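Novice: Have a look; sequence and predicted model below, questions after that.
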Amino acid sequence: MTTVSSERAGERSRDLAGFGPYERALAELAADDPRLIVVTAENRAAIRKLPGVLGDRFIDVGVAEQTMIGMAAGLALRGRRPIVHALAAFLTMRAYEFIRTDIGIGRLPVLLVGGVPGFLSDANGPTHQAIEDIALMRGIPGMKILCPADEADLIASLPALLADPSPCYIRYTAAPATWQHPLPGQPHRIETVADGDDVAILTFGLLVGEALDARARLAAEGVSARVLSVRMPKPLDEPAVLAAAADTRMLVTLEDHLQAGGLYSIVCELLVRAGVRADVMPIALAERWFRPALLPDVLAREGFTGAQIAGRILARLDIPRGGNRVARNAADPVIARSRSLWARARQLIPGGTQTLAKGPGQHVEGVAPMYLARGRGARVWDVDGNEYLDMTMAVGPLSLGYADPVVDEAIRAQLADGITFSLMHPLEVEVAELIRDAVPGAERVRFSKTGADATSAAIRVARAFTDRERVACCGYHGWHDWYIATTDRGAGIPATTRELVSTFDYNDLDSVRAAVDVDTACVILEPTVVQPPDPGFLDGVRRICDEHGALLVFDEMWTGFRLALGGAQQAFGVRADLACYSKAIANGMPLSVLAGRADVMQKLERDVFFYTTFGGEALSLAAAAATIPELRRREVPQTLAARGRTLRDGYAQICRELGIAWTRCAGMDARTLVVFDASAVDPLLARSYVQQELIRRGVLWSGFHNLSWAHRDSDLAYLLGCYREILPALAGHITAGTLASALRGRPVEPVFRRIGNPERRPTRAP
Ligand SMILES: Cc1ncc(COP(=O)(O)O)c(C=O)c1O
């Protein structure tokens, strides 16, 4: 058997000498399948040699395309499998329609090979048949459409198409393959030709090559592009398109087709049907034909070369140009505009900044940019046009990333209707319900604007509910009196307020016991910050509160909607009486939440006054209504945790390899912090040095890794690569005692110190 078939194969390959790859593929398929018939009308260039081997299984019907389709119908009804080569999609479609409607044959098993589609129709001139072919053919019920990227792709797809009884329209291409196909022979699957996560370019046919060229040019501009070869616009590989919409900031449909009815329409139809909001940029022919010419000239004239495509995408992304890039820059960025704004601010704005963490005190003055103009994903651009990978992410609120299309669209939609109203807005109810469904123990929900609003309200409610005044706290909770009184920046706060607050240390139950007595209204703490809770710590705090009749308040500004959708209460399984949220909940819009036990929150019905003009402001609520489902759908807490672990492990690995023990990456996965051991190095100087070196590499950093969904694995790999360069240099300066002189600007300053005053400890036991 083997000998006979290999002899046959030998004969066959002698017969097919001089055949082109496509012709050879058809001849071989026909040799294996006697049902296969090749038909043509006026489209013979690619199959001139076939009549010699196929004999009466090759039919040339001259110019009559409609007749040809009719003939193919008849052959198909007699059990044959016709592969029909046509030029004119319009005539073919009409013929097919006649057969379908007049003769009543629904699904002819015919493969229709369109000869010169799209820009390849240069020889014939761009009739609408060539650049409207997908729109025409996809209207035929049951018709599949294959747009192979090259000849290898076409040939590899034929067996699967022939095994399928549905008809299929094939956009013929004879271009040689220039890359390895990851999914050969699976035409129904979209091929990821190159990966990327800023934009996804969906394209097909000869334009895949141009898209790859555009990708390389975009990469030089710091934009990472995924290139997807959509081999079958119908039926579409929907999961691959939806994944691209979820993973990237913008979809680009690139096609040598009219904008209407082709890939752009197909993708938009899917997004609307799936209820997915995405930014889609069409690159297609808009309501006009192109003038015929040779392909390179057509591409250039119509704006479809790789360089032009990249330019069009960059213009749409609207990325300002400056000197600094997310790359190893030769010098510090030029920050002239930042400096001039800062000079004006110093004359007018006390402290210079509205958010301490964003001010110059937390950035190396003279080196770091001071004012940002815009952001996208995890990238920001300063007022001088310099680009940075942002590891601070607005100090927490950007859980999804800058300019998230879903959230921004929700904000825009709400903006069209209004911002703040004279009566309540339905979103107040809707977002409260979303929070109730996501957060354990959120039996009642109230909104405000800032984190400090929510923690202040929590303390007031706790005091009202317990009829006590003392508060025990541990970390940072906002700018209001009762907390700032525990720091060295508490000027202006009445002494009586200071007397009511005691502090304790995280993970130290003895210190909690010492800070709480029967006059304590509540214990407020962040469930985790730099350290994870020791086993039993949070339960222990809960128990101490219960023993003393105090309430437990979780400040979940950082943990809420980040550690888990239900925050620390869900992640650690410990129930607080009240919990405060902000930051991650509205992807950058100002919204905070107080949620908790119904009986405690009941105090807000009348006794406790907690109202503010902007409490029900609708843009922020619309942002939250869009953000919360997206956090769930994109599995943001899980994603941040995984990426955070990558960073933590990567940092630890670098330190191990370098033999460095004086720094580590600490904190919950979604938000880690680089800490320096004060016994080995001045932590402020070390932080300043790392910051200045990262700025030169295009990374904005102030010690934290405030991860958002928009941070990509490639960003983290880049950051780890930077640490790998910077830490040995830092070690060298520590050893040589030259760290202070290695700084090119003023080092960062401490924020404030906690005042530990044992005299303020409460004394009354239960
Ligand atoms: C844990 C924690 N609580 C409260 C606040 C205060 O929030 P806001 O600055 O929005 O008033 C912050 C701010 O960073 C915080 O980190």
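Specialist: Thanks, I have the structure now.

Novice: which residues in the stretch 1-150 of the chain form strands?
Specialist: Residue ranges of the strands in the stretch 1-150 of the chain, as given by DSSP state E, counting those that start in this stretch, are 36-40, 58-60, 81-86, 111-114, 144-146.

Novice: Output the ones you listed in CSV; the columns should cover distance to the ligand.
Specialist: The way it works is simple: take the backbone N, C-alpha and C, and place the C-beta from them, glycine included. Below are the strands of the stretch 1-150 of the chain laid out as CSV (distance: least, CB to the nearest ligand atom, whole Å):
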stretch, distance to the ligand
strand 36-40, 70
strand 58-60, 76
strand 81-86, 65
strand 111-114, 60
strand 144-146, 52
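
Novice: would JSON lines of the ones you listed with mean neighbour count and mean pLDDT be doable?
Specialist: Below are the strands of the stretch 1-150 of the chain laid out as JSON lines (neighbours: other CB atoms under 10 Å; pLDDT from 0 to 100):
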{"stretch": "strand 36-40", "mean neighbour count": "24", "mean pLDDT": "89"}
{"stretch": "strand 58-60", "mean neighbour count": "17", "mean pLDDT": "87"}
{"stretch": "strand 81-86", "mean neighbour count": "25", "mean pLDDT": "86"}
{"stretch": "strand 111-114", "mean neighbour count": "27", "mean pLDDT": "83"}
{"stretch": "strand 144-146", "mean neighbour count": "25", "mean pLDDT": "95"}
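
Novice: could you dump the ones you listed to TSV with distance to residue 409?
Specialist: What follows is the strands of the stretch 1-150 of the chain, written out as TSV (distance: least, CB to CB, whole Å):
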stretch	distance to residue 409
strand 36-40	49
strand 58-60	54
strand 81-86	42
strand 111-114	37
strand 144-146	30
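
Novice: The closest residue to the ligand within the stretch 451-600 of the chain: neighbour count?
Specialist: Nearest residue of the stretch 451-600 of the chain to the ligand, counting by CB to the nearest ligand atom: residue 451, 2.2 Å away. Residue 451 has 24 neighbours, counted by other CB atoms under 10 Å.

Novice: Next up, the contacts around the closest residue to it other than its chain neighbours.
Specialist: Spatial nearest neighbour of residue 451, chain neighbours left out: residue 582 (4.2 Å); criterion: CB to CB, 6 or more residues apart in numbering. Contacts for residue 582 (CB atoms under 8 Å, 6 or more residues apart in numbering) come out as 397, 450-451, 454, 557, 560, 591-593.

Novice: May I see those residues organised as TSV, with pLDDT and secondary structure added?
Specialist: Listed next are the contacts of residue 582 as TSV, based on pLDDT from 0 to 100; DSSP: H, G, I helix; E, B strand; the rest coil:
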residue	pLDDT	secondary structure
397	97	coil
450	97	coil
451	97	helix
454	98	helix
557	97	coil
560	97	strand
591	98	coil
592	98	strand
593	98	strand
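
Novice: Reformat the residues you listed as CSV; add distance to residue 118.
Specialist: Listed next are the contacts of residue 582 as CSV, based on distance: CB to CB, whole Å:
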residue, distance to residue 118
397, 45
450, 55
451, 55
454, 57
557, 53
560, 51
591, 48
592, 53
593, 53
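
Novice: How about the contacts made by the residue of the stretch 451-600 of the chain closest to the ligand?
Specialist: For residue 451, the contacting residues are 477-478, 555, 557, 580, 582-583, 592, by CB under 8 Å, 6+ apart.

Novice: filter those down to the ones near the ligand?
Specialist: For the ligand, the contacts drawn from the contacts of residue 451 by CB under 6 Å from any ligand atom are 477-478, 555, 557, 582.

Novice: Where does the closest residue to residue 304 other than its chain neighbours sit, in terms of helix or strand?
Specialist: Leaving aside its sequence neighbours, residue 304 sits nearest to residue 210 (CB to CB, 6+ apart; 5.9 Å). Residue 210 belongs to helix 207-220 when assigned by DSSP states H and E.

Novice: what residues does that helix touch?
Specialist: Contacts with helix 207-220, where a contact means CB under 8 Å, 6+ apart, come from 149-150, 175, 178-179, 193-194, 196, 198-199, 201, 203, 224-225, 227, 229, 254-256, 299, 304-307, 309-310, 313-314.

Novice: who's in contact with residue 690?
Specialist: Contacts of residue 690 (CB under 8 Å, 6+ apart): 674, 701, 723, 726-727, 730.

Novice: Now do the same for it: helix, strand or coil?
Specialist: Secondary structure, DSSP: H, G, I helix; E, B strand; the rest coil: residue 690 is helix.

Novice: For it, give its distance to residue 389.
Specialist: According to CB to CB, to the nearest Å, residue 690 and residue 389 sit 14 Å apart.

Novice: pLDDT wise, what is the closest residue to the ligand within the stretch 601-750 of the chain at?
Specialist: For the stretch 601-750 of the chain and the ligand, the shortest gap (CB to the nearest ligand atom) falls at residue 671, measuring 10.1 Å. Listed pLDDT for residue 671 reads 94.

Novice: show me the contacts for it.
Specialist: The contact partners of residue 671, by CB under 8 Å, 6+ apart, come to 396, 558, 562, 644, 704-707.

Novice: Perfect, I'm done here.
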